Every structure is written in structure tokens, then in C-alpha cells.
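Give the three-dimensional model of this entry:
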Amino acid sequence: ARERLREALGLAGAHVVLEDEPSAVDVQMLRDAEPVAVLVALEPSIEDALEALEPAFNMPGVTVIFDEAELTVRREGWEAQRWVRHLAAKLHGHAD
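Reported below is the predicted structural model:
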């Protein structure tokens with residue numbers, strides 16, 4: 001899922017400031033990266049780590065986007081292109 005998300009972010013015109021497993025990131029590290037948006041690939045194994053990062057998800061001016069990791073891997077063709085457009089709209093603050 002990570003490679004797919006990285007590719008989608010590139011196509012959406014995003015500049016990645018931090019990429020890591022949620023368990024390897026703490027709230028201060030995320031704040032220090034000064035993200036405009038946070039994209040999280042959801043999977044059961046990261047639930048506890050996400051709970052610890054919740055204060056960072058409430059930072060003013062930060063868009064938080066959750067995506068199911070399983071769906072990320074399965075998207076192909078038109079569906080993948082549509083999702084990139086949706087992601088770009090969210091990242092750039094446009095209506096979807």
C-alpha cells in the first residue's frame with residue numbers, strides 16, 4: 001500500500017515531508033514536520049499507534065485523510081485515477 005500511496009501523492013502534486021510507520025512517529029515528530037495534510041493507510045495493526053497520534057491529527061490547518069490500505073492495493077485503472085483526483089482535491093482544498 002505504501003508504494004501505491006506514494007505514487008498517488010506524487011500524481012496529486014503533493015510534497016511528502018514525513019513517511020513512516022505510525023508506531024515509529026510521535027506527536028512532536030509529526031508537528032515538527034509541519035504537514036499541510038496527513039494521509040494514513042488504515043489497517044488493524046496500527047490502531048494503537050493512531051490513538052497515540054490523535055492530538056497531532058487535531059492540529060489547526062491540517063487536513064487528515066484516512067484510506068483503507070486494502071482498498072489502496074486493489075485500486076486499478078479508472079478507479080485508481082479517480083482516487084488520485086479525489087486525493088488532489090482534498091490536498092489542494094478544492095471541492096471534490
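
Give the helix, strand or coil label for residue 84.
helix (DSSP: H, G, I helix; E, B strand; the rest coil).

And it, how far from residue 94?
Separation of residue 84 from residue 94 (CB to CB, to the nearest Å) stands at 13 Å. C-beta coordinates here come from the backbone N, C-alpha and C atoms, glycine included.

any shared contact partners between the two?
Taking CB atoms under 8 Å, 6 or more residues apart in numbering as the criterion, residue 84 and residue 94 do not both touch any residue.

Could you check which of the two is surrounded by more residues?
Ranked by neighbour count (other CB atoms under 10 Å), residue 84 and residue 94 place residue 84 first, with 18 against 9.

so who does the more buried one touch?
With CB under 8 Å, 6+ apart, residue 84 has these contacts: 8, 11-12.

what do you get if the cut-off is 10 Å, keeping everything else the same?
Residue 84 sits next to 7-13, 75 when contact means CB atoms under 10 Å, 6 or more residues apart in numbering.

Return the entry from the residues you listed with the maximum number of neighbours.
The contacts of residue 84, ranked by neighbours (other CB under 10 Å): first place residue 8, 21 neighbours.

There's contact between that one and residue 79 in this structure, I believe.
No: if you go by CB atoms under 10 Å, residue 8 and residue 79 don't touch, sitting 11.7 Å apart.

Average pLDDT for stretch 67-86, rounded please.
Taken as a whole, stretch 67-86 carries a mean pLDDT of 95.

mind checking how far that stretch is from the chain centre?
13 Å (CA atoms, centre = their mean, to the nearest Å).

same question, stretch 9-28
So, by CA atoms, centre = their mean, the centroid of stretch 9-28 is 7 Å from its chain's centroid.

Report the buried residues of it.
9, 12, 14, 22, 25 (16 or more other CB atoms under 10 Å).

hmm, who's touching the host helix or strand of the first one?
Residue 9 is located in helix 2-11, with elements delineated by DSSP states H and E. Helix 2-11 is contacted by residues 14-16, 19-21, 37, 39-41, 67, 69, 71-75, 80-81, 83-88, 91 when judged by CB under 10 Å, 6+ apart.

Many thanks, we can stop here.
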